[in-house]
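> Okay, predicted coordinates and the sequence, questions at the end:
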Amino acid sequence: MTKISEDDFYIGIIGMGDMGKMYARNFSKAGWKCVVCDREENYNTLLEEFKDTSVEVVKNGHLVSRKADFIIYSVEAAFIDKVVAEYGSSTKVGATVSGQTSVKAPERAAFEKHLPKDVHVVSVHSLHGPTVSPEGQPLVLIQHNSPDWVMRKTEQVFDCFRSRYVYLTYEEHDIVTANTQAVTHAAFLSMGTAWNMSQSYPWELDRYVNGIEVVKCNIALRIYANKWHVYAGLAILNPSAHAQVRQFATSATDLFKLMVVGDYESLKQRALEARRAVFGYKDGVEPGANGEKCERTPILLSDTLLDRFSLHQPSSQHCSARNSHLTILTMVDCWHKLGIHPFDHLDVAGTPLFRMWIGVAEYLFRSPERLNLALESAAYDTSHRADDTEFVVATRGWSEVIEHGSFTHYKEKFESTAKFLEPRFEEANRMNKEMLKVIMESGAPKSMKTPPKKLSSLPLVK
Ligand SMILES: NC(=O)C1=CN([C@@H]2O[C@H](COP(=O)(O)OP(=O)(O)OC[C@H]3O[C@@H](n4cnc5c(N)ncnc54)[C@H](OP(=O)(O)O)[C@@H]3O)[C@@H](O)[C@H]2O)C=CC1
Ligand SMILES: O=C(O)C(=O)Cc1ccc(O)cc1
């Protein structure tokens with residue numbers, strides 16, 4: 001990127017899908033000149049869609065690359081090599097090239113392989129979906145072989161998003177997102193598959209209606225309403241993600257084996273160990289009591305807050321609040337076994353969805369009564385065993401598909417469940433927006449720039 005006047009500065013976007021469009025709209029609203037393209041066959045539709053805006057639509061990535069001073073590749077992670085190979089050589093001399101893919105190892109390899117040597121690389125990753133406002137959300141910036149002034153210019157370009165900058169290297173990015181996103185998605189993908197296999201929406205069974213169930217169901221619906229390739233790419237192509245997803249399946253299986261033999265004591269021991277490691281609570285001590293490390297405000301504040309979000313009114317006053325909460329027990333056990341400290345990750349680079357998920361886990365594990373009720377239900381109450389069986393089988397299935405690296409199989413598996421859940425997407429989308437608002441208001445960091453916290457000080461799992 002040469003030092004040119006603002007008037008001549010163009011931002012280019014290659015790949016005008018959900019994220020590319022969201023970026024273009026935000027940039028042009030802030031007065032930046034944008035030149036964009038999608039696949040050539042989408043040219044006319046894109047032209048029509050942006051006809052009343054200042055965004056210039058062109059036919060292909062060569063035309064974007066020749067004109068733009070800051071180019072963002074916003075395509076499927078699995079295609080990044082092919083797309084950069086095609087257009088990279090047209091990059092304007094001195095321009096900065098960036099990528100929006102959710103997994104950085106393939107993006108870095110593609111940039112190093114195909115870009116000319118006289119361009120700079122500063123990559124980005126908005127840690128939120130296209131329907132969430134970027135304001136206050138983490139935006140990862142990766143300075144890769146480029147001078148500081150290029151990084152300052154990149155910050156200036158993105159200032160209009162009012163996001164919170166998080167400075168990482170390519171490697172740190174993939175480790176953090178494996179710990180936060182890949183393993184979280186594995187949990188919700190498995191829940192969805194289990195419901196699909198049982199052919200029942202859990203929120204329509206009267207035994208599943210309390211607050212955290214609703215949050216869980218909404219997050220799963222949110223994931224299945226998004227594009228399959230986003231989740232496939234960030235799990236299959238992230239070198240750090242496979243072991244995490246495998247551990248999730250192992251934790252589910254181990255806990256389930258204790259459940260079926262009714263081994264309450266071992267379940268309790270395992271849950272308390274995980275609770276100590278992940279949440280820092282001492283055994284038998286109430287959160288907030290003397291000596292208890294509990295200075296954080298809980299993410300999900302109260303039952304009343306949770307009950308504002310309901311997918312279904314129970315038909316009877318006497319429905320059971322009992323649930324093994326195997327999904328949550330599994331998640332916390334998995335974090336413990338992997339040495340992941342989710343709150344540290346949340347502060348650095350947590351997505352809104354990760355925040356909600358930690359909130360759900362914290363809600364169960366903060367309260368000895370709630371946790372014990374779940375453990376007793378897990379060991380002694382067989383009414384949810386059938387659903388838990390489906391869940392365990394589903395965790396194994398997802399882990400195998402991800403480790404095997406099959407995009408085709410991933411797509412089929414994802415789309416079959418997405419089809420089953422689709423009738424509920426609209427309602428869940430409405431509720432998710434409200435839930436996100438409440439959760440972001442309850443303690444998410446708001447400042448624009450995170451003090452560049454050294455990720456090396458975090459216990460990252462490699
Ligand atoms: N959705 C999300 O929540 C987030 C996604 N991301 C990442 O951002 C990237 C884009 O995701 P998203 O916008 O959701 O996905 P989309 O599928 O909506 O967008 C990708 C776009 O790139 C187009 N494309 C593919 N090849 C080319 C090409 N040769 N030239 C021009 N355009 C091309 C695709 O066309 P076609 O559909 O025909 O292939 C599609 O329109 C992904 O890498 C994803 O991982 C990052 C943060 C959040
Ligand atoms: O919050 C999540 O994990 C999401 O599901 C949305 C999302 C998906 C992909 C990304 O690269 C970033 C955010």
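Looks like it came in fine. Ligands and ions are numbered 1, 2, ... in the order given.

> Quick one: classify G136 as helix, strand or coil.
What DSSP: H, G, I helix; E, B strand; the rest coil gives for G136 is coil.

> what's the distance between it and A349?
To A349, G136 is 14 Å away according to CB to CB, to the nearest Å. C-beta here means a position set from N, CA and C on the backbone, and glycine is covered the same way.

> Of the two, give the one with the bigger neighbour count.
A349 (26 against 18; other CB atoms under 10 Å).

> do stretch 336-351 and ligand 2 meet?
Yes: part of stretch 336-351 sits near ligand 2 under the criterion CB under 6 Å from any ligand atom, namely T351.

> gap between that stretch and the chain center?
12 Å (CA atoms, centre = their mean, to the nearest Å).

> Let me see the mean pLDDT of that stretch.
For stretch 336-351, mean pLDDT rounds to 91.

> Enumerate the positions of that stretch that are buried.
336-338, 340-351 (16 or more other CB atoms under 10 Å).

> give the contact list for N226.
G129 (CB atoms under 8 Å, 6 or more residues apart in numbering).

> going on from the helix or strand bottoming out on mean pLDDT in the chain, what's the next piece of helix or strand?
Least confident element among the helices and strands of the chain, by mean pLDDT, DSSP states H and E: helix 303-307 (a mean of 62). Using DSSP states H and E, the helix or strand that directly follows helix 303-307 along the chain is helix 326-338.

> What is that next one packed up against?
helix 183-198, helix 211-225, helix 241-260, helix 264-279, helix 352-366, helix 368-380, helix 385-404 (3 or more CB pairs under 8 Å, 6 or more residues apart in numbering; DSSP states H and E).

> Wondering if the second one reaches ligand 1 at all.
No: contact between helix 211-225 and ligand 1 is absent, the nearest approach being 9.5 Å (criterion: CB under 6 Å from any ligand atom).

> got it, and the third one?
No: Helix 241-260 lies out of reach of ligand 1 by CB under 6 Å from any ligand atom, never closer than 13.1 Å.

> quick check: angle from that helix to helix 385-404?
160 degrees (axes from the mean of the first three to the mean of the last three CA atoms, to 10 degrees).

> Could you tell me the end-to-end distance of stretch 162-175?
25 Å (CA to CA, to the nearest Å).

> Can you lay out the helices and strands packed on helix 326-338 as JSON lines showing mean neighbour count and distance to K433?
Output for those, formatted as JSON lines (neighbours: other CB atoms under 10 Å; distance: least, CB to CB, whole Å):
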{"stretch": "helix 183-198", "mean neighbour count": "24", "distance to K433": "18"}
{"stretch": "helix 211-225", "mean neighbour count": "23", "distance to K433": "10"}
{"stretch": "helix 241-260", "mean neighbour count": "21", "distance to K433": "28"}
{"stretch": "helix 264-279", "mean neighbour count": "18", "distance to K433": "28"}
{"stretch": "helix 352-366", "mean neighbour count": "23", "distance to K433": "10"}
{"stretch": "helix 368-380", "mean neighbour count": "18", "distance to K433": "27"}
{"stretch": "helix 385-404", "mean neighbour count": "20", "distance to K433": "27"}
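
> pLDDT on stretch 91-103, on average?
On average, stretch 91-103 scores 98.

> Quick check: T154 vs T53, distance?
Taking CB to CB, one finds T154 at 23 Å from T53.

> Which of these two has more residues huddled nearby?
Using other CB under 10 Å as the criterion, T154 and T53 rank with T154 on top: 23 against 13.

> what's the neighbour count on the residue lying closest to the more buried one once chain neighbours are set aside?
Distances taken as CB to CB, 6 or more residues apart in numbering place V122 nearest to T154, at 4.6 Å, with adjacent residues excluded. By other CB under 10 Å, the residues close to V122 number 22.

> Name the SS class of V122, please.
With three-state DSSP as the criterion, V122 reads strand.

> what do you get for K51?
Criterion first, three-state DSSP; result for K51: coil.

> Please work out how many residues are found near S90.
16.

> Dump the helices and strands packed on helix 326-338 to CSV, plus distance to ligand 2.
Shown next, in CSV, are these (distance: least, CB to the nearest ligand atom, whole Å):
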stretch, distance to ligand 2
helix 183-198, 6
helix 211-225, 6
helix 241-260, 12
helix 264-279, 19
helix 352-366, 3
helix 368-380, 25
helix 385-404, 15
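
> At the geometric centre of this protein, which residue sits there?
Q181 (4.1 Å; CA atoms, centre = their mean).

> What residue in the stretch 101-250 of the chain comes nearest to ligand 2?
S102 (3.1 Å; CB to the nearest ligand atom).

> quick check, I71 in a strand?
Yes: in this structure, I71 lies within a strand as judged by three-state DSSP.

> So it versus ligand 2, what's the distance?
19 Å (CB to the nearest ligand atom, to the nearest Å).

> Run through the residues that contact the residue nearest to T154.
Contacts of V122 (CB under 8 Å, 6+ apart): 96, 98, 141-144, 146, 150-151, 154.

> The same query, at a cut-off of 10 Å, please.
Shown in contact with V122 (CB atoms under 10 Å, 6 or more residues apart in numbering): 1, 70, 96-99, 141-146, 150-151, 153-155, 157.

> List only buried entries from these.
Using 16+ other CB under 10 Å, the buried members of the contacts of V122 are 1, 70, 96-99, 141-144, 146, 150-151, 153-154, 157.

> The residue in the chain that ligand 1 sits nearest to - nearest residue in space that isn't next to it in sequence?
In the chain, the residue that lies nearest ligand 1 is G17 (1.7 Å; CB to the nearest ligand atom). Spatial nearest neighbour of G17, excluding adjacent residues (CB to CB, 6+ apart): S74 at 6.7 Å.

> burial count for that neighbour?
26.

> Would you report the backbone torsion angles of it?
Dihedral angles of S74 (phi, psi; degrees, to the nearest 10) stand at phi -120, psi 60.

> what sits against it?
So S74 contacts 13-24, 36, 38, 80, 83, 98-101, 124, 126 (CB under 10 Å, 6+ apart).

> Next step: these restricted to strands.
Among the contacts of S74, DSSP state E puts 13-14, 36, 98-99, 124, 126 in strands.

> for the stretch 351-462 of the chain, which spans come out with low pLDDT?
Across the stretch 351-462 of the chain, the ranges flagged by pLDDT under 70 are 441-462.

> hmm, 90 instead?
352-353, 355-356, 359, 363, 366-367, 384, 424, 426-462 (pLDDT under 90).

> Surely V401 touches R246?
No: using CB atoms under 10 Å, V401 is not in contact with R246; the gap is 11.7 Å.

> got the residues of the stretch 51-200 of the chain near ligand 1?
Checking the stretch 51-200 of the chain against ligand 1 by CB under 6 Å from any ligand atom, the hits are 61, 74-77, 79, 83, 100-102, 126, 129-130.

> Near ligand 2, which residues of this protein are found?
So the chain meets ligand 2 at 102, 127-129, 181, 223, 230, 234, 351-353 (CB under 6 Å from any ligand atom).

> farthest pair in those?
For the residues of the chain next to ligand 2, the maximum inter-member distance is 15.7 Å, found between L234 and P352 (CB to CB).

> hang on, the earlier thing: can you list phi and psi of the residue of the stretch 101-250 of the chain closest to ligand 2 for me?
Torsion angles, degrees, to the nearest 10, at S102: phi -80, psi -10.
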